[in-house]
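**Q** Provided below are the primary sequence and the corresponding predicted coordinates.
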Amino acid sequence: MQRNQPAPLLEVDNLHCHFFTLDGVVRAVDGVSFSLQRGETLGIVGESGCGKSVTAMSILRLLPKGLGRIVDGSVKLEGRELTTLGDADMRSMRGHQVSMIFQEPMTSLNPVLTVGLQIAENVERHLNVGRKAAMERAVEMLRLVKIPDAERRVNDYPHQFSGGMRQRVMIAIALSCNPQVLIADEPTTALDVTIQAQILDLMLELKQKLNTAIIMITHDLGVIAETAQRVLVMYAGRKVEEAPVVELFQRPLHPYTQGLMRARPRLDVEAEEQGRRPRLQEIQGMVPALNRPILGCAFAPRCGYATDRCRSEAPGLTEPVPGHLVACWEATKIAGMGHA
Amino acid sequence: MASITLAGDAEPRPGALARLVTFTRRNPTIVIGGLLMLALAGLALAAPYITSDPLKMNPRMRFRLPGEQFWFGTDQFGRDVYARTIWGTRVSLVVGLSVAALASVLGLIVGLLCGFYKAVDGVVMRVMDGIMAIPSILLAIALITLTRPGLPIVIVAIVIPEIPRVVRLVRSVVLSLRAQPYIEAAIAGGTKTPKLLLRHIVPNTLAPLIVQATYVCASAILTEAGLSFLGVGVPPEIPSWGNIIAQGRSFFQIAPWSILIPGIFLAIMVLAVNMLGDGLRDRLDPRLARRM
Amino acid sequence: MTAPVLEVENLQKHFPIHKGLLRRQAGSVRAVDGVSFAVRAGETLGLVGESGCGKSTVGRAVLKLIDPTGGRILLDGEDVTELNAAGMWARRRRAQIVFQDPYSSLNPRLSAGAIVGEPLENYGLASGREKTNRVAKLFERVGLRADFMRKFPHEFSGGQRQRLGIARALSVGPALIVADEPVSALDVSVQAQVLNLLIDLQEELGLGYLFISHDLAVMRHISHRIAVMYLGRIVELADKRALFTRPLHPYTEALLSAAPIPDPTRQRKKLVLQGDVPSPANPPKGCHFHTRCPYAIARCKVEDPVLREALPGHQVACLRREAGPDALPLPA
């Protein structure tokens, strides 16, 4: 991957995050590495509990104190190590160089402050400007995220906005200090389809305009296909596959990625055969518990290709196709058979 | 995310002692509060066997210091403060437990009806608001002065102002339970109202109700002590921490122990009940902390 | 063609809005505003729409879990609209419901076996050993081991809980199942398991499904016919194939083009709707959709469109389609 490319903007290397719970140590992120280039959109996809959100939270060091912690690995932004940064430096980093938007636009905004003030606070804190300039910036940001009548609405409270509009406000706050990286954690999951389309369109348009790199975290392969340039597939805290988006969808190499793609009914394909609804291809079983060490490949118990080796030895990442990483002992065999 | 467990997996069962140790480490307040309450209950039950007559006056033994013969000293009539304090434990426990039980049962019934039937709700909740508007100690004094003093009437007088608090809690739990899909599912599955209440609603109100009962218990113990101190509680011939303190009040400088010792017992008992309640709250329903 | 297990005519449900100290009624939310459809045995009718369109209210109203404000509901050809609780009790066996949230739809204090066996008990269908056997059969039918009967809901995964909900619904032998977003809370790999189970059961038992969802891909997979709802009304009702290949209502067209498709090479011309869904407490006059419709004309703001057949078996409520199915440009 690192051939003749400019130094990456964000580099996550061998990240391990553990949660120390009453049920034991939960290995939420178990050795994940990836890099993010300037202006790139990286998709992270996986099902609930796969560690995709924890990965994002640990970049910003937002893991719940006393419960979760980065136990190993490094996160570098423009070569600067974030895992050992002091708390004050980290605070000035959050919302400035790296900012984040969340799934719930209802609970991520403070209900007793006007949206203008919430944008302005972020601007004041990071850009060292006065209230007046910050409020002007707030209006400018609301206009940028296409909230109609921005001059007036800047004085409105969050409850006066609809779900989609609140997510626009969240985006306005996140982008108000021109961050280099925007982490979007399921930004459209709580929204209706027609509103989701609006928000995704807006995010792509703003990315073009501002050249912000985006980490798009979602469980929805459709959202990934429409937004990401490169995709990371996670399973049980580990990265199982990484590839450019077209490559991944045309030639998924990991059995889990293949399973995910086949398990989902297709909206664009007429699936009926002789008037009968076909069966979806299930992935048998369920996600393993993360509070016990996993021997071998985490997906092996659910995998149709699994061998004894898969059950005893964890596969490392290989690159059977240039630019396409996969963690599977059987990947070359699967690639050779072609994708049905 | 932190509690991913594989359904269908059998965990090896740890031994009874190991489980007890884990339980204590996770819920120290329940264990400490519970043990204190057990100790106090043991004292109360054993009172006739471990003490002398708490009413026996002995003018020659007035104002004796705590020591070999009288562990907690004697009061102005030469009565044994140790015996009186231990017997007083009985009154406090009886009042606390019966008020908690009565308020819970009555509150549960009224709360269920209010939460389930809109017509009842409108009327009954206004009555409850009315009762809550009267200061509870004044209501108790009024009730007691109207009747003959005695333990039962003290209990009734303390129960009445406690009921609205329980009703409100039960009603709010029932209202939120009614919106749960599993209640709708039970109705769709043909469950009739009495069974719906008994099987699906009441068991789910018990956890918050038990927690509330401990707080009612603690406040009842304090109220009883207060009423007895004011002379409107249990009659003086029954020793209660409140009337022991009231009687020792005039001789505080000569015999401080006759006030301090029942006071300490009172504080320990209320603390124990509250610890038990807090521990149960965290254990049974962490979300409840917000509702109270 | 089989007889309908559920017929709904002009169903309405209005929720009153109370305001002020005296809680005077200040208006009403027309959650469901005149909806008609039928579900036949062995058929899945999909009810699709965005949040607040009234689709879940329809699901609850047809089972009389909430009382409809107006209209008629026929279960197995019998009018149940006016039945009281006791009368409805006798008919509930024929129509069951599966909920969205696999966590809150099971009583956490009852064992899995008790949850699934409760309806059997209620209707006196089985008790004691016989009940245990029937419950065990139901467990196996939905793909759970019979010895899971003694476990409690929190010991099951989301997908397994949804299977329990399905077993409970099946226990009394219904003809109709209202499935209210049954897979929306599940992960993709588990969704497939539950959808397959629902299809298998339907083919085996000839169940009619009223399948409520916002997910168009799931709809396309499981439904035979689909009704699209917007602000309390059905705007289009058609055979699945017709609806997906040739949507006649502009809102359906927008929904289809807004859904993200897992194919990065596909370049689509998107019809991205502007603005938000208006409040159902104060819906726009005329066609409810005219505020967001790219094809709206002056007439749409004043006149209510009626759901009528534009093509055989293809109903649409759009004034601009009145001249015929080709009156508007169809999506490419």
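**A** In hand now; what should we look at? All values reported here derive from a predicted model rather than from experimental measurement.
**Q** how far does the helix or strand where residue A:195 lies sit from the chain's center?
**A** Residue A:195 belongs to helix A:193-210 when assigned by DSSP states H and E. Centroid separation for helix A:193-210 versus its chain: 16 Å, with CA atoms, centre = their mean, to the nearest Å.
**Q** Could you do stretch A:241-255 as well?
**A** Counting by CA atoms, centre = their mean, stretch A:241-255 comes out at 17 Å from the chain centroid.
**Q** now what about that stretch, what contacts it?
**A** Here stretch A:241-255 makes contact (CB atoms under 8 Å, 6 or more residues apart in numbering or on different chains) with A:34, A:43, A:221, A:224-225, A:228-233, A:240, A:256-258, A:261, A:299, A:303-305, A:317, A:320-321, A:323-328, A:330-331, A:334-335, A:339, C:262-265. The way it works is simple: take the backbone N, C-alpha and C, and place the C-beta from them, glycine included.
**Q** mind listing which of the residues you listed are in helices?
**A** Among the contacts of stretch A:241-255, the members found in helices (DSSP state H) are A:221, A:224, A:225, A:256, A:257, A:258, A:261, A:331, A:334, A:335.
**Q** ok, now how distant is the fourth one from chain B?
**A** Looking back up the chat, that one is residue A:256. According to CB to the nearest CB, to the nearest Å, residue A:256 and chain B sit 17 Å apart.
**Q** who are the neighbours in contact with that residue?
**A** Contacts of residue A:256 (CB under 8 Å, 6+ apart): A:233, A:235, A:240, A:241, A:283, A:299, A:302, A:303.
**Q** which outside residues touch the helix holding residue A:195?
**A** A:39, A:41, A:144-146, A:162-164, A:167-168, A:171, A:175, A:178, A:184, A:187-188, A:191, A:212, A:214, A:223, A:226-227, C:50, C:214, C:216, C:254-255, C:257-260, C:270, C:272-274, C:276-277.
**Q** what residue ranges in chain B score low on pLDDT?
**A** Chain B contains residues with pLDDT under 70 at B:1-14, B:285-292.
**Q** longest helix of it?
**A** helix B:81-116.
**Q** what's the distance between that helix and the middle of its chain?
**A** 5 Å.
**Q** residues of that helix that come out buried?
**A** B:81-100, B:102-104, B:106-108, B:110-116 (16 or more other CB atoms under 10 Å in any protein chain shown).
**Q** Beyond it, next helix or strand please.
**A** helix B:118-133.
**Q** circling back to that earlier point, which helices and strands does the longest helix of chain B pack with?
**A** helix B:28-50, helix B:118-133, helix B:151-178, helix B:202-230, helix B:241-248, helix B:257-284 (3 or more CB pairs under 8 Å, 6 or more residues apart in numbering or on different chains; DSSP states H and E).
**Q** burial measure for the nearest residue to residue B:243 once chain neighbours are set aside, as a count.
**A** Among residues not flanking residue B:243 along the chain, residue B:228 sits closest, at 4.4 Å (CB to CB, 6 or more residues apart in numbering or on different chains). For residue B:228, the neighbour count with other CB atoms under 10 Å in any protein chain shown is 29.
**Q** What residues does residue C:191 make contact with?
**A** Residue C:191 neighbours (CB under 8 Å, 6+ apart): A:263, A:264, C:183, C:218.
**Q** what's the spacing between whichever residue of the stretch 151-300 of chain A sits closest to chain B and chain C?
**A** Closest contact between the stretch 151-300 of chain A and chain B, by CB to the nearest CB, is at residue A:289 (4.5 Å). Here the criterion is CB to the nearest CB. By it, residue A:289 lies 11 Å from chain C.
**Q** How much space separates that residue from residue C:185?
**A** 20 Å (CB to CB, to the nearest Å).
**Q** mind listing the strands for the stretch 51-200 of chain C?
**A** Here the stretch 51-200 of chain C has its strands, by DSSP state E, counting those that start in this stretch, at C:70-75, C:78-79, C:95-98, C:176-180.
**Q** Deepest in the core, which of these is it.
**A** Of the strands of the stretch 51-200 of chain C, the one with the most neighbours on average (mean count of other CB atoms under 10 Å in any protein chain shown) is strand C:95-98, at a mean of 28.
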